[in-house]
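>>> How does the following fold in three dimensions:
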Amino acid sequence: MDSRRRRLSFLLLFFITAAILFPNLSSASSRESVKNSEKSKVTLAIYYESLCPYCSNFIVNDLVELFESGLISDVDLKLIPYGNARIGPNDTLTCQIFDTGLISILDLNLVPWGNARILANNTFDCQHGPLECLLNTVEACAISVWPDLNKHFPFIYCVETLVYEHQYTQWETCFEKLDLDPTLITECYSSGYGKELELQYAAETNTLQPPHEYVPWVVVDGVPLYEDYENFISYICKGYKGTALPQSCVDLALNTIPKDKASPRRSSLL
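Have a look, this model is predicted:
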């Protein structure tokens, strides 16, 4: 538990330092440099659901390595919090119970939908119960109201740490821990906008090709990693398009070639 608290503190320090050292650049040369850097980034999309134990474990213990290693600056990261949820009648949401530096070369995309499902009349059915639908929507709202990765990822990491520790009912303490105003999240959720976001994530998740089979469903540059998702850093380093390989990739012991598709080892219902 102490190590996860230290990681959360590290994330805060990392983002604060980045904001100080790399403020918005205004010169033409700086803008061109940023543009070229964006082109060389590797895209990373994470399709997950908030109460999935595999998802929280991946976010808390694996995904955070992008920040610790610095590789996040070369990654375009997107989170999609939906998972195995379903949408049912009248648009209601119901849920079924059941330290390295790599972030610099990644475009990270987290998608909080996972295995959620859409039922009749656009109601949601989430795999791990109503609270998961709530937290999926809260995390979707966080991504929307705080589009800067520097803000929404520490919040999601904090919530998923509590999920990992089986203390997810205390998720609202993350606002105080991170000195964040909950007003925007509350308004997003209560206004119904959060539900609209989840419907968008549902559409994105349900049009994946090939379709997602379980969560977390990790995709690097449009290619799913299947059961080899824990080896995602190797794929990021191999997919990097820049001229000079990031030092964090050079330092990695990439002694094995990533599998095209690993054999299933668990049920898609988890």
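>>> Burial check on Val223, number of neighbours?
For Val223, the count of nearby residues is 13 (other C-beta atoms under 10 Å). C-beta here means a position set from N, CA and C on the backbone, and glycine is covered the same way.
>>> mind starting the numbering at 79 from now?
Sure thing, new numbering starts at 79, so read that last one as Val301.
>>> Can you tell me the closest non-neighbouring residue to it?
Ranked by C-beta to C-beta, 6 or more residues apart in numbering and with sequence neighbours excluded, the top spatial neighbour of Val301 is Tyr313, at 7.8 Å.
>>> ok but Gly161 is inside a helix, no?
No - applying DSSP: H, G, I helix; E, B strand; the rest coil, one finds Gly161 to be strand, outside a helix.
>>> That one bridge partners, please.
Gly192 (DSSP bridges).
>>> ok, it to Thr321 distance?
38 Å (C-beta to C-beta, to the nearest Å).
>>> Between those two, which is the more surrounded one?
Gly161 (33 against 7).
>>> Just to check, the more buried one is in contact with Val293?
Yes - counting by C-beta atoms under 8 Å, Gly161 touches Val293, with 4.7 Å between them.
>>> where along the stretch 179-328 of the chain do the helices fall?
Listed in chain order, the helices of the stretch 179-328 of the chain (DSSP state H, counting those that start in this stretch) span residues 208-223, 227-242, 251-255, 261-268, 271-284, 310-317, 325-329.
>>> Could you give the number of residues near the residue nearest to Val301?
20.
>>> Does it touch Gly300 like I think?
No - in terms of C-beta under 8 Å, Tyr313 does not count as a neighbour of Gly300; the distance is 11.4 Å.
>>> Give me the neighbour count for the spatially closest residue to Val138 that is not a sequence neighbour.
Once flanking residues are discounted, Val138 sits nearest to Tyr242: 4.8 Å by C-beta to C-beta, 6+ apart. By the criterion of other C-beta under 10 Å, Tyr242 has 19 neighbours.
>>> what's the distance between Tyr242 and Pro131?
8 Å.
>>> show me where pLDDT drops low in the stretch 79-228 of the chain?
79-116, 166-184, 191-195, 198-199 (pLDDT under 70).
>>> If we use 90, what do you get?
79-118, 161-205 (pLDDT under 90).
>>> quick one: the strands in it?
Using DSSP state E, counting those that start in this stretch, the strands found in the stretch 79-228 of the chain span residues 120-126, 149-164, 171-173, 182-189, 191-196, 202-204.
>>> So which elements touch the first one?
For strand 120-126, the packing partners by 3 or more C-beta pairs under 8 Å, 6 or more residues apart in numbering; DSSP states H and E come out as strand 149-164, strand 182-189, strand 191-196, strand 295-298, helix 310-317.
>>> Make TSV out of those and add distance to Glu282.
Formatted as TSV, these follow (distance: least, C-beta to C-beta, whole Å):
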stretch	distance to Glu282
strand 149-164	6
strand 182-189	6
strand 191-196	7
strand 295-298	11
helix 310-317	19
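>>> which one of these lies closest to Ser326?
Nearest to Ser326 among the helices and strands packed on strand 120-126 is strand 149-164; the distance by C-beta to C-beta comes to 4.9 Å.
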